[in-house]
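Peer 1: Next input, structure requested:
(one chain, ligands or ions: 1)
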Amino acid sequence: MSVTISIQDLVKKYGDATVIPELSVEIKKGEFFTLLGPSGCGKTTLLRMIAGFNSIEGGTIKFNEKTINNVEPGKRNIGMVFQNYAIFPHLSVTGNIAFGLQNRKLAKPDIAAKVEDILKVVQIEQYKDRMPKNLSGGQQQRVALARAIVIRPDVLLMDEPLSNLDAKLRVDMRNAIKELQRDVGITTVYVTHDQEEAMAVSDRIAVMKSGIIQHLGTPQEIYQRPANLFVATFIGRTNVLEAALTSNQGTRMLRFGEGGYQEPVDHLSIPGEDANKPLLAVKVSIRPEEFVISEDGTGIQAKIVHSVFLGQMTHYFVSLESGQSVEITQESTTARPLEPNEIIRLKVKKDKINIYDAHGETNYTGSGRP
Ligand SMILES: Nc1ncnc2c1ncn2[C@@H]1O[C@H](COP(=O)(O)OP(=O)(O)OP(=O)(O)O)[C@@H](O)[C@H]1O
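Peer 2: Numbers count the residues shown, from 1 in each chain. From the prediction side, this is the model:
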């Protein structure tokens, strides 16, 4: 059975240091939920609190209606997968997977049937009699995964399970994990600092900084409408430009530089906007693909520094008039790529870019703040 995890006002302290201040979130039944953030933001700490390996200094964690703050880890019915596999070196693949079932005192034929089933699900049937030392990293991680889910846990917790694998295997394994999770439907909490991995596997992502959820949303929401500038720069690549919002005969304009390129922007929502103060400094997050090379001689002036041809797309590194370096991507064409020192003009895809207050804390373009 899969459960809803309700976390309310959760506090974690190590001595006097508060690592998680009053965090609240509800993880839905059957959801693939990812904690994503830079090193030290508290992802593992939160995961360990759900597992029962860390003390709780305030608030509650519930599995469905049941508060589990004081339930021992062994009684929470969770499966866990870590980055270092943690499978038993002295047991075969079958022995490793059967271990949890034997502990639960299931009958032998029952254990054999369940192990057989799960070996198929994670696609390691042919290695069932091998010892761990004779398996590759990816195969060992499949054993760890099988061992975690064979007990039919209510919750599956995974902490950077792919970080010891090489790049290709990471992609293969993340697809396998996602497929498996979808099939078995266990509420899953996944920790990673790899934003691409998070986007590929998650139903929803909580982006954390300093123990605080900065943005909670689907991969698409987080990429397209990041709640603040931290999230915008942490997820994917982006360029941050200074600009101003001005008013031109009742139309709100986004203007880059004094007397420079401007675009009408009528889709913004600006809390506490002061109509008497028509000029507002903003920060604009523009992803490389949100620039358009202008054909009509208007736009922000820029000089090509160098280009990288990547097949379908070409990356250009350009220098703006202000001296700022900016990265843009354009679909490759059969025409020659732009050469270093060529002068171009850039416009922005105004419905896609994100416009923030001067501190980068509020997204005027709309956001999915928790
Ligand atoms: N046992 C501990 N005692 C004191 N401080 C700790 C302890 N464990 C973690 N911390 C601190 O708590 C903060 C959060 O650590 P945590 O391991 O949860 O971060 P993380 O986001 O998982 O980072 P990483 O991606 O590097 O694993 C860090 O500042 C860390 O130094």
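Peer 1: Tell me the helices and strands packed up against whichever helix in the chain runs longest.
Peer 2: Using DSSP state H, we find that the single longest helix of the chain is helix 167-184. Counting contacts by 3 or more C-beta pairs under 8 Å, 6 or more residues apart in numbering; DSSP states H and E, helix 167-184 packs against strand 32-36, helix 108-121, helix 137-149, helix 195-201. The C-beta positions use only the backbone N, C-alpha and C, and glycine is treated the same way.
Peer 1: can you list the residues of the stretch 151-300 of the chain near the ligand?
Peer 2: With C-beta under 6 Å from any ligand atom as the criterion, the stretch 151-300 of the chain meets the ligand at residues residue 193.
Peer 1: okay but residue 350 is in contact with residue 256, surely?
Peer 2: No. Counting by C-beta atoms under 8 Å, residue 350 does not reach residue 256; the two are 11.5 Å apart.
Peer 1: which one of the two has more residues nearby?
Peer 2: Neighbour totals were compared for residue 350 and residue 256, and residue 256 leads with 22 against 18 (other C-beta atoms under 10 Å).
Peer 1: can I assume the more buried one is in contact with residue 302?
Peer 2: No. Taking contacts as C-beta under 8 Å, residue 256 lies outside contact range of residue 302: 11.0 Å.
Peer 1: ends of stretch 220-230, how far apart?
Peer 2: 16 Å (C-alpha to C-alpha, to the nearest Å).
Peer 1: meant to ask about stretch 62-80, not that
Peer 2: This stretch, stretch 62-80, spans 18 Å end to end (C-alpha to C-alpha).
Peer 1: Return the helix or strand in this structure with minimum mean pLDDT.
Peer 2: The weakest-scoring helix or strand in the chain, judged by mean pLDDT, DSSP states H and E, is helix 167-184 (a mean of 83).
Peer 1: Sketch out the helices for the chain, chain order is fine.
Peer 2: 43-51, 93-103, 108-121, 137-149, 167-184, 195-201, 219-224, 229-234.
Peer 1: In contact with the closest residue to the ligand within the stretch 101-250 of the chain, which residues are there?
Peer 2: The stretch 101-250 of the chain approaches the ligand most closely through residue 193 (4.8 Å), counting by C-beta to the nearest ligand atom. Neighbouring residues of residue 193 by C-beta atoms under 8 Å, 6 or more residues apart in numbering: 36, 37, 38, 39, 43, 160.
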